[in-house]
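**Q** predicted model and sequence follow; I will ask about them next.
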Amino acid sequence: MSEKQVILVTGGTGLVGKAIEYVVQNGEKQPNEEWIFVSSKDANLSDLASTEAMFEKYKPTQVIHLAAMVGGLFKNLKYNLDFFRTNIQINDNVLATSYKFGVKKVVSCLSTCIFPDKTTYPINEKMIHNGPPHDSNFGYSYAKRMIDVLNKGYNKQKGVNYTAVIPTNVYGPHDNFELEDGHVLPGLINKVYCAKRDGTDFVIWGTGSPRRQFIYSRDLARLMIWVLRNYTEIEPIILSVSEEDEVSIKEAAEAVLKAADFKGNVVFDTSKSDGQFKKTASNEKLRSYLPDFKFTPFDKAIKETVEWFETNYETARK
Ligand code: NAP
Ligand code: GFB
């Protein structure tokens, strides 16, 4: 029997954390593993003493670090300073405390939106620091980039193996469906629910022409568990569907309308920002490790998410 592993998942009650919990509870958990999913109720990770008290309590051997101040384009436009300061504090506390308590491995999260705005495509893992990020979310982006700097520092100076994944836009059950501060897909799913209920227009913000690669949270969860167990590089790895699976916001909205069977009027509010036009990322490195990994088809995953929201409307974050 291999030795016991205690895997602490910070941000465990969020979109990605809940997906990891779902995957762990549906066959991924190994007999020698204890999985602990925590939220800000267990510790405020912006506060070092609170962070250390939680690590003292659970004594994790490995950490999947998801906790962050997170939001869509419009929340980032409003709070770049808060996104920077909060996430810098959380990330420094979690990595310093992981080291203090002898955690063997930490897998943290960056994002494909943190890459240089002026860049060649497709983006790859070596381009993170090659220039300023898109101005809409510079606070979040620079804070996330510092995770990569910290990982390299802990490896070079302390000899530990802390790494990171770089997910593209994530969606799925337990997302944040808030209209103003959430991401596009949960926002559109909330909007179509209300438009059907109230007989109102379905409003897509912006022109609908920006392009995104969307990854289903439960696919990301399976990949992150693989990274925890098998990925040994310090360099981060992009976790995304392929470039060919990139869709326009308009096409993503059409998938939501189809899943919700919406027959009403659709309008574009072009007074709202489009944000970054595209951030096309390569998943070539992921494919070099997992050539046969199968992503859930977009329409199927959207349908599952729409149905989850309809079933859980009363309790969903919105
Ligand atoms: P989410 O749904 O907003 O969940 C955030 C989680 O972090 C929650 O469990 C929250 O707990 C916790 N948290 C926030 N502030 C905290 C604090 N001060 N102390 C302790 N816990 C705190 O986020 P998500 O979408 O799952 O994102 C998870 C990770 O993936 C993040 O690092 C994010 O940057 C990254 N990511 C997300 C996307 C995306 O499209 N969603 C894309 C790329 C990367 P409470 O609810 O108790 O506050
Ligand atoms: O997911 P989202 O808010 O953020 O998508 P980003 C914004 C794009 O979707 C813009 C359009 O082109 C919006 O005009 N859009 C259309 C909508 N309708 C809606 C709607 O109802 N709600 C929202 N939110 N957008 C974020 C970064 O960029 O990507 C974050 O700012 C994070 O830091 C996240 O990394 C993954 O994809 O533009």
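**A** Looks like it arrived, so ask away. Numbers count the residues shown, from 1 in each chain. Ligands and ions are numbered 1, 2, ... in the order given.

**Q** backbone phi and psi for the closest residue to F277 other than its chain neighbours, please?
**A** Excluding the flanking residues, the one nearest F277 by C-beta to C-beta, 6 or more residues apart in numbering is P210, at 5.1 Å. Using the backbone N, CA and C atoms, a C-beta is placed for each residue, glycine as well. Backbone torsions of P210, given as degrees, to the nearest 10, read phi -60, psi 160.

**Q** burial of P210, as a residue count?
**A** Neighbourhood size, P210 [other C-beta atoms under 10 Å]: 19.

**Q** which residues does it contact?
**A** Contacts for P210 (C-beta atoms under 8 Å, 6 or more residues apart in numbering) come out as S248, I249, D274, G275, Q276, F277, K278.

**Q** pretty sure the fourth one is touching G206, no?
**A** So the one you mean is G275. Yes: using C-beta atoms under 8 Å, G275 is in contact with G206, at 7.4 Å.

**Q** ok, these two, which is more surrounded?
**A** G275 (22 against 18).

**Q** backbone dihedrals for that one, please?
**A** phi 70, psi -150.

**Q** wouldn't T270 be in contact with V203 here?
**A** No: look at T270 against V203 with C-beta under 8 Å: they stay out of range, at 10.8 Å.

**Q** higher neighbour count, the two?
**A** A direct count of neighbours by other C-beta under 10 Å for T270 and V203 places V203 higher, at 17 against 12.

**Q** contact partners for that one?
**A** K191, V267, F268, D269.

**Q** one more time with 6 Å, if that's ok
**A** V267, D269 (C-beta atoms under 6 Å, 6 or more residues apart in numbering).

**Q** and it, what element?
**A** Taking DSSP states H and E as the criterion, V203 maps to strand 202-205.

**Q** can you list the residues of this structure near ligand 1?
**A** Applying C-beta under 6 Å from any ligand atom, we find that the chain lies next to ligand 1 at 11-17, 39-41, 43-46, 66-70, 90, 109, 111, 167, 169-170, 176, 183.

**Q** what about S111, neighbour count?
**A** Neighbours of S111 using other C-beta under 10 Å come to 20.

**Q** what of C194?
**A** 13.

**Q** ditto for I204
**A** I204: 24 neighbours (other C-beta under 10 Å).

**Q** surely it touches A253?
**A** Yes: with contact taken as C-beta atoms under 6 Å, I204 and A253 are classed as touching, separated by 4.9 Å.
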